[in-house]
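Asker: Need a 3D model of the sequence below.
(one chain, ligands or ions: 1)
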Amino acid sequence: MVQSGCTTRVPSTDAIPILSWSNLSYNVKVKGGTRHILQDISGSIYPGELVAIMGSSGAGKTTLLNVLAGRVQGGRLEGNIKFLGAPRNPHTFKRMLAFVEQDDLMHSALTVEETLLTSAQLRLPNTAYSLQDKQERVSTVMRQLRLSHIKDSRIGGDGERGVSGGERKRVSIGAELVTDPTMLVLDEPSSGLDSSSAEMVIALTKEMSRQRNLCTLVTIHQPSAEMVAQFDKLILLAQGKLVYMGATTQAVPYFEQLGYPLTHSNPANFFIDLMTIDFASSEATQKSEERVQLLVDAFVEFRQRGGSLQLASSKMFGVEVGVNNRHCVAAQVQEDNDSSNTSIAAASDPSSGKGSHAEKVGTTTALEHCEQIVGDITHEEAYLFQSEPPPMNSWISEAAVLFKRDWIMTIRSSSFINGLLTQCLVMMLFNSFVFFQLGNNQASVQNRIGTLFTLTLVATFPVVVPVMTVIMSGRNVLRRERAGGMYRMSTYFAARALSFFPVVYIPYIIMFTGIYFITHLQYEVEKFFIALLVIAVLLFCSLGFAFTMAMIVRRMEVAHTIAPVSLATFMLFAGNLSNATSITPVLRWIKYVCLFYYSYSGLVQNEFNGLEFVCSSSDASCYSLGEDVVNAYGLDEVPIWGCVVINLALGLGFYIIAYFLLRWVAKPRFIWL
Ligand SMILES: Nc1ncnc2c1ncn2[C@@H]1O[C@H](COP(=O)(O)OP(=O)(O)OP(=O)(O)O)[C@@H](O)[C@H]1O
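Answerer: Okay, here's the model as predicted:
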């Protein structure tokens, strides 16, 4: 573990903070007026610092974190935020920021190593990092976050067994750190964890901040005394206003100076008690509001005075803490490497240092001593950071990484795969034996119609609903990854769509072939392949329809109702349940956008054209030619090849609509300063 205690130092005069903000205010319109969520917040954070935002529930911690990370939506934001001394460029900032959300949104079917490697492959440029470099970087991060022993465990979740809560959080952090960011932001990293896991996450976060010279900002609810001691700086918020921002070591003396001596063994509880409005009675509310206002005013005055206070001892709350809020990172890293040989600081690791920030800006290495102010970034260096980040990887390589990930997830989704296989097997057995060995009597006309209609149904309903469910279940991860600018939407869409093809087409082609031959549809090579093509195009259409539905509908349960109802409506226009030529004119157009109509029409024409049937004296009505059947059902409007082409175009139309909906749905709508 990294111990603090290197030479105390103050920033060089040329040093600039990673992020600085002044006079931030954030308001939202609510019923009956405006709600002031943040008011007049200023501060800064330097490399290597671990800063905690604390306050009672509703104080504005998450909002402030989101504002600083450029992740706030809606409302009105005012003030000034600078990244490395200059106005933020959203594109550059997004790439330099590692944002770990409160919920660990990851794909449950992937292993720890696969999750980290995918992140590295997508976010590190191939021009600077070979696959081996990326794998080494992942191994380093796993070692630093104590994840190596579970690298082959699945993430789990959604009812599947997986890694523990603390391990999940560390994987979330690792997935962000493989990119070598400049700033790490964590929203409630201890939430939902037991105290020892929470302490481990914070301790490792601190270690990583030091080793990588990262500035790290976390919101935290009720940390233990040990956790508080890990933070270099505290930002204390009450009702959206600043009550304190400064060194952790100075916080207790600061409040003591104001007449509030420490009354708890855990300073976090003491701070929270001071800042919480007590709603127990009107008297208590007034008293606590007055206290909070006094603290807010006192901090304004404290800042105006220059924020000076006698520096406290390095021993506080019985725990060793950073002597000051700035640290000598390089020497610390070297100390660590010498002692354990396990923690390799990316910022100074000669093997993985390709493109690392230390190298990019030419900061000093671990071999140099503290006085060289390794943690500081000068104006010249900041310019290098702010220059446009290297271009993303090529479309093909990005799509290949995403396809591999989606493919792994799809084939590991046992309920999806087993469901598809089971329904194909069941449908094949039932259809084959209900319509077994069709002959050429009049009953076989009806049975052929039944077989062909069932074939169109089984290529739609049982495909659309499960595929739509899988797409929708990945939406939260998509939102997170899109917000982090991990990949293009076009590669995501292409990979996701392609990953379904093999798992859907293979069982369906087997099912179709089985039904075709067992029921004895026309045994002609050309007819078989035309029918197969019609079904393949229908499956393409069904997948496109599933994508469109998954983008249109937000909630899974609504999608599970709307998709079958839409398909059932389309079914009415397929040309089987109603005669295609006699549909009410005002609704007739629906058959032209209906995925069933052309497939069914194509299958019926392909099968019946050229067939002859025998009529017996007992038949009330008789079709002697297959063409008569096609004509009677009104399915000869469009020739077979026309049906194939139109259905293909319809399928493409669904994909195009789904793609633009995806871009719109997943588009981050953050307001920016
Ligand atoms: N978009 C919004 N519209 C209306 N109110 C909002 C909005 N965003 C935040 N708030 C309100 O602002 C206050 C601060 O919210 P925030 O989530 O930042 O608090 P917090 O300190 O993180 O609380 P907690 O610890 O409970 O998560 C809350 O009262 C919240 O209800």
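Asker: Would you map the strands across this structure?
Answerer: 19-30, 33-45, 50-55, 72-73, 76-83, 86-87, 97-100, 183-186, 215-220, 233-238, 241-247, 315-316, 319-320, 670-671 (DSSP state E).
Asker: got those strands as TSV, with distance to Gln437 and mean neighbour count columns?
Answerer: Every C-beta, even on glycine, is put in place using the N, C-alpha and C of the backbone. Formatted as TSV, the strands of the chain follow (distance: least, C-beta to C-beta, whole Å; neighbours: other C-beta atoms under 10 Å):
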stretch	distance to Gln437	mean neighbour count
strand 19-30	70	17
strand 33-45	73	17
strand 50-55	74	25
strand 72-73	62	16
strand 76-83	72	16
strand 86-87	77	13
strand 97-100	62	24
strand 183-186	66	24
strand 215-220	70	26
strand 233-238	77	26
strand 241-247	82	23
strand 315-316	87	16
strand 319-320	83	13
strand 670-671	63	16
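Asker: Just send those back as TSV, with mean pLDDT and distance to Ala632 too.
Answerer: Listed next are these as TSV, based on pLDDT from 0 to 100; distance: least, C-beta to C-beta, whole Å:
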stretch	mean pLDDT	distance to Ala632
strand 19-30	91	63
strand 33-45	90	68
strand 50-55	93	74
strand 72-73	88	58
strand 76-83	90	67
strand 86-87	84	73
strand 97-100	90	63
strand 183-186	91	68
strand 215-220	92	70
strand 233-238	93	76
strand 241-247	92	79
strand 315-316	40	91
strand 319-320	40	88
strand 670-671	83	60
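Asker: How many residues are close by the residue in the stretch 501-650 of the chain that the ligand sits nearest to?
Answerer: Scanning the stretch 501-650 of the chain for the residue nearest the ligand gives Arg554, at 18.1 Å (criterion: C-beta to the nearest ligand atom). Other residues lying near Arg554 total 11 when counted by other C-beta atoms under 10 Å.
Asker: Quick one: the strands of the chain as TSV, columns for distance to the ligand too.
Answerer: Formatted as TSV, those follow (distance: least, C-beta to the nearest ligand atom, whole Å):
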stretch	distance to the ligand
strand 19-30	4
strand 33-45	4
strand 50-55	5
strand 72-73	7
strand 76-83	11
strand 86-87	24
strand 97-100	15
strand 183-186	13
strand 215-220	6
strand 233-238	7
strand 241-247	12
strand 315-316	25
strand 319-320	24
strand 670-671	11
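Asker: how near is the residue of the stretch 501-650 of the chain closest to the ligand to Ile515?
Answerer: Between Arg554 and Ile515 the distance, using C-beta to C-beta, to the nearest Å, works out to 37 Å.
Asker: ok, back up a step: which ones are touching the residue of the stretch 501-650 of the chain closest to the ligand?
Answerer: The contact partners of Arg554, by C-beta atoms under 8 Å, 6 or more residues apart in numbering, come to none.
Asker: pLDDT score assigned to it?
Answerer: Arg554 carries a pLDDT value of 86.
Asker: Pull up the gap between it and Arg475, please.
Answerer: 9 Å.
Asker: And for Trp395?
Answerer: Counting by C-beta to C-beta, the gap from Trp395 to Arg475 is 23 Å.
Asker: Neighbour count for those two, which is higher?
Answerer: Of the pair Trp395 and Arg475, Arg475 is the one with more neighbours under other C-beta under 10 Å, namely 17 against 13.
Asker: Residue of the stretch 101-250 of the chain closest to the ligand, please.
Answerer: In the stretch 101-250 of the chain, no residue comes nearer to the ligand than His221, which is 5.6 Å away by C-beta to the nearest ligand atom.
Asker: what's the neighbour count on that residue?
Answerer: By other C-beta under 10 Å, neighbour count at His221 equals 15.
Asker: Identify the residue nearest it in space, chain neighbours excluded?
Answerer: Spatial nearest neighbour of His221, excluding adjacent residues (C-beta to C-beta, 6 or more residues apart in numbering): Glu188 at 6.3 Å.
Asker: The nearest residue to Thr248 once chain neighbours are set aside: what's it in contact with?
Answerer: Sequence neighbours aside, Phe231 is the residue nearest to Thr248 in space, at 4.9 Å (criterion: C-beta to C-beta, 6+ apart). By C-beta under 8 Å, 6+ apart, Phe231 lies in contact with 50-52, 206, 248.
Asker: Equivalent analysis for Ile202, please.
Answerer: Going by C-beta under 8 Å, 6+ apart, Ile202 touches 189-190, 218, 220, 223, 227, 230.
Asker: Narrow these to those in helices?
Answerer: 227, 230 (DSSP state H).
Asker: Looking at the contacts of Ile202, which is nearest Val604?
Answerer: Nearest to Val604 among the contacts of Ile202: Pro189, at 60.9 Å, using C-beta to C-beta.
Asker: how many other residues sit next to that closest one?
Answerer: With other C-beta under 10 Å as criterion, Pro189 counts 26.
Asker: Surely it is in contact with Leu217?
Answerer: No: counting by C-beta atoms under 8 Å, Pro189 sits too far from Leu217 to count as a contact (10.8 Å).
Asker: Contact distance from the ligand - what residues of the stretch 51-200 of the chain qualify?
Answerer: Listed as neighbours of the ligand in the stretch 51-200 of the chain under the rule C-beta under 6 Å from any ligand atom: 55, 57-63, 74-75.
Asker: Just the buried residues out of these, in PyMOL syntax.
Answerer: Buried residues among these (16 or more other C-beta atoms under 10 Å), as a PyMOL selection:
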select buried, resi 55+59+60+61+62+63+75
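Asker: Let me have the residues of the stretch 51-200 of the chain next to the ligand in TSV, extended by distance to Val465.
Answerer: As requested, those are exported to TSV (distance: C-beta to C-beta, whole Å):
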residue	distance to Val465
Gly55	45
Ser57	40
Gly58	41
Ala59	44
Gly60	42
Lys61	41
Thr62	36
Thr63	39
Gly74	34
Gly75	38
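Asker: Now, the residues of the stretch 51-200 of the chain next to the ligand that are in helices?
Answerer: Short answer: these in helices (DSSP H) are 61-63.
Asker: Can you lay out these as a markdown table showing pLDDT?
Answerer: Converted to a markdown table, those look like this (pLDDT from 0 to 100):
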| residue | pLDDT |
| --- | --- |
| Lys61 | 92 |
| Thr62 | 93 |
| Thr63 | 94 |
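Asker: Now do stretch 554-570: distance to the chain's middle.
Answerer: How far stretch 554-570 lies from its chain's middle: 25 Å, per C-alpha atoms, centre = their mean, to the nearest Å.
Asker: same check, this time on stretch 151-162
Answerer: Worked out by C-alpha atoms, centre = their mean, stretch 151-162 lies 17 Å from the chain centre.
Asker: Let me see the confidence value for Ile272.
Answerer: You'll see Ile272 listed with a pLDDT of 91.
Asker: Can we start the residue count at 364 from this point?
Answerer: Right, with 364 as the first residue, what we last looked at is Ile635.
Asker: Spit out the contact partners of it.
Answerer: With C-beta under 8 Å, 6+ apart, Ile635 has these contacts: 417-419, 585.
Asker: One more pass at 7 Å, please.
Answerer: For Ile635, the contact set (C-beta atoms under 7 Å, 6 or more residues apart in numbering) comprises 419, 585.
Asker: With the one 4 residues further on instead?
Answerer: When the contact criterion is C-beta under 7 Å, 6+ apart, the partners of Thr639 are 419, 651.
Asker: hmm, 8 Å instead?
Answerer: Thr639 is in contact with 419, 601, 651, counting by C-beta under 8 Å, 6+ apart.
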